[in-house]
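Colleague: Sharing a model prediction with you, sequence too.
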Amino acid sequence: APVPVASAADDQSPQDLVNKFNSVANRLGVLENDIVWVSNDMDNLERRARQIAQYNTPDAFFQFDLRRMSYNMSSRFDDMRRLSMDIKNLLNLAQKSKELNDAARRIDWSAREILRYAWPNMENASKRLEWTVRSCKPELVGYDAQWTAMDISRYTRQFTDQARIASFDAQNLVAKTQP
């Protein structure tokens, strides 16, 4: 007996679901582009902290740049946590579909790249920055610089943890949407 061929309409997913998948993929791509140079920025801050300690002269903008890095890492961590939760929610909505699988593959790619940037590069850079700032005199780098550097290191570790969870869930999402 001939096997009925599934029509194209049977294989399509609801457009709002496709849009949700594409939205997460696009937001992950934006975050991926944002973190490409973060470890280099942390290395530059660490280099400046070493110069402050070596030459025993304060840098007028160092404390401001350190606070900005802390704020940015906090923001990135929040973004990664939201995206990780969105990927987990997509797992509950996933259907076998080529469109969804294509978006899931983009999500998986970006999640893996984010994890690759975050661990070990960003984590190691944040640890080096923290230890260098801790070795400096507080009156040269700022009295709250040690706390700020510790915050950067903590946010980076939390970011990496969320990136690891998102990457694992993205792999499951690809498998779950495979037609």
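Modeller: Thanks, I have it.
Colleague: Low-confidence regions, this structure specifically.
Modeller: Across the chain, the ranges flagged by pLDDT under 70 are 1-12.
Colleague: Find the residue closest to residue 169 in space, skipping its chain neighbours.
Modeller: Spatial nearest neighbour of residue 169, excluding adjacent residues (Cβ to Cβ, 6 or more residues apart in numbering): residue 87 at 4.6 Å. For every residue, glycine as well, the C-beta is placed using N, CA and C.
Colleague: any idea which helix or strand carries the one you found?
Modeller: helix 62-93 (DSSP states H and E).
Colleague: ditto for residue 103
Modeller: Taking DSSP H and E as the criterion, residue 103 maps to helix 98-116.
Colleague: Extract the CA atoms of that helix and return them as PDB.
Modeller: This file holds the C-alpha atoms of helix 98-116, laid out as PDB (Å, rounded to 0.1, in the frame of the first residue of the first chain):
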ATOM      1  CA  LYS A  98      12.300  22.200  10.200                       C
ATOM      2  CA  GLU A  99      11.700  25.900  10.900                       C
ATOM      3  CA  LEU A 100      12.000  25.400  14.600                       C
ATOM      4  CA  ASN A 101      15.000  23.200  14.200                       C
ATOM      5  CA  ASP A 102      16.800  25.800  12.200                       C
ATOM      6  CA  ALA A 103      16.100  28.400  14.900                       C
ATOM      7  CA  ALA A 104      17.100  25.900  17.600                       C
ATOM      8  CA  ARG A 105      20.400  25.300  15.800                       C
ATOM      9  CA  ARG A 106      21.100  29.000  15.700                       C
ATOM     10  CA  ILE A 107      20.300  29.100  19.500                       C
ATOM     11  CA  ASP A 108      22.600  26.200  20.100                       C
ATOM     12  CA  TRP A 109      25.400  27.800  18.100                       C
ATOM     13  CA  SER A 110      25.200  31.100  19.900                       C
ATOM     14  CA  ALA A 111      24.900  29.400  23.300                       C
ATOM     15  CA  ARG A 112      28.000  27.300  22.600                       C
ATOM     16  CA  GLU A 113      29.900  30.400  21.400                       C
ATOM     17  CA  ILE A 114      28.900  32.400  24.500                       C
ATOM     18  CA  LEU A 115      30.100  29.500  26.700                       C
ATOM     19  CA  ARG A 116      33.300  29.300  24.800                       C
END
